[in-house]
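Engineer: Fold the following, please.
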Amino acid sequence: MKTLTIVRHAKSDWTHYLPDHDRPLNKRGKSDLPMVADRLNQLGCKPQVCYYSTARRATDTANGLLDYMNIDVKREETDLLYTFDAFDVINFLKTMDKHVKHVMIVGHNPGLTEVINRLSHVNLDNLPTCGFAQFTFDISFWSDLETVEGELDFLEYPKMIG
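Structural biologist: Numbering: from 1, shown residues only. Below you'll find the model as predicted:
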């Protein structure tokens with residue numbers, strides 16, 4: 001069995017004229033992190049590793065959530081998740097080591113919404129900022145990710161829990 005937790009970065013700040021990659025979280029984005037972290041803890045989310053996009057808003061989201069969750073997890077930034085394409089995200093996931101049972105990724109839309117739709121029975125229009133979903137797959141190897149439909153464990157976002 002493999003478990004995948006997907007988190008879209010929290011709300012970012014558009015008030016500064018910065019390149020997309022460098023945009024920080026805004027006030028609401030920062031305030032959503034402890035609430036979402038508490039909810040992930042309540043749901044028993046315990047990834048072994050968290051990979052996240054190199055974009056500042058994704059990095060701040062991943063590290064903020066994991067700090068608030070207070071769990072021991074390997075953290076790794078990767079430019080492979082600074083993508084907006086589901087195909088890229090799925091290919092990244094398929095390279096996970098077989099010993100990793102639970103991985104969390106933090107990235108961007110529309111790619112993450114498309115990943116959710118492609119790997120499960122869910123038909124989601126949009127994963128809101130700081131929204132998260134978790135799936136369980138009856139596979140032994142991440143390379144088999146697209147051979148079975150994932151079982152949705154939960155799908156939530158800040159306005160549902162706030």
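Engineer: For residue 161, give its distance to residue 36.
Structural biologist: Distance of residue 161 to residue 36, computed by Cβ to Cβ, to the nearest Å: 7 Å. Yep, even glycine has a C-beta here, placed from its N, CA and C like the rest.
Engineer: The two - which one has more neighbours?
Structural biologist: residue 36 (24 against 13; other Cβ atoms under 10 Å).
Engineer: Ramachandran angles for the more buried one?
Structural biologist: With angles defined as degrees, to the nearest 10, residue 36 sits at phi -70, psi -40.
Engineer: same thing with the one 5 residues further on?
Structural biologist: Backbone torsions for residue 41, taken as degrees, to the nearest 10, come to phi -60, psi -40.
Engineer: Please report the number of neighbouring residues for the closest residue in space to it that isn't next to it in sequence.
Structural biologist: Leaving aside its sequence neighbours, residue 41 sits nearest to residue 69 (Cβ to Cβ, 6 or more residues apart in numbering; 5.6 Å). For residue 69, the neighbour count with other Cβ under 10 Å is 22.
Engineer: cool, residue 147 as well?
Structural biologist: For residue 147, using other Cβ under 10 Å, the count is 10.
Engineer: Verify the stated contact: it with residue 140.
Structural biologist: No: assessed by Cβ atoms under 8 Å, residue 147 is found out of contact with residue 140, at 10.8 Å.
Engineer: What are the neighbouring residues in contact with the residue nearest to residue 41?
Structural biologist: 37, 40, 41, 45 (Cβ atoms under 8 Å, 6 or more residues apart in numbering).
Engineer: By neighbours, which of the residues you listed wins?
Structural biologist: residue 40 (24 neighbours).
Engineer: For that one, give its distance to residue 88.
Structural biologist: With Cβ to Cβ as the criterion, residue 40 and residue 88 are 24 Å apart.
Engineer: Could you measure from the residue sitting furthest away from the middle of the chain over to residue 135?
Structural biologist: No residue in the chain sits farther from the centre than residue 17, which is 25.9 Å out by Cα atoms, centre = their mean. Per Cβ to Cβ, residue 17 is found 38 Å from residue 135.
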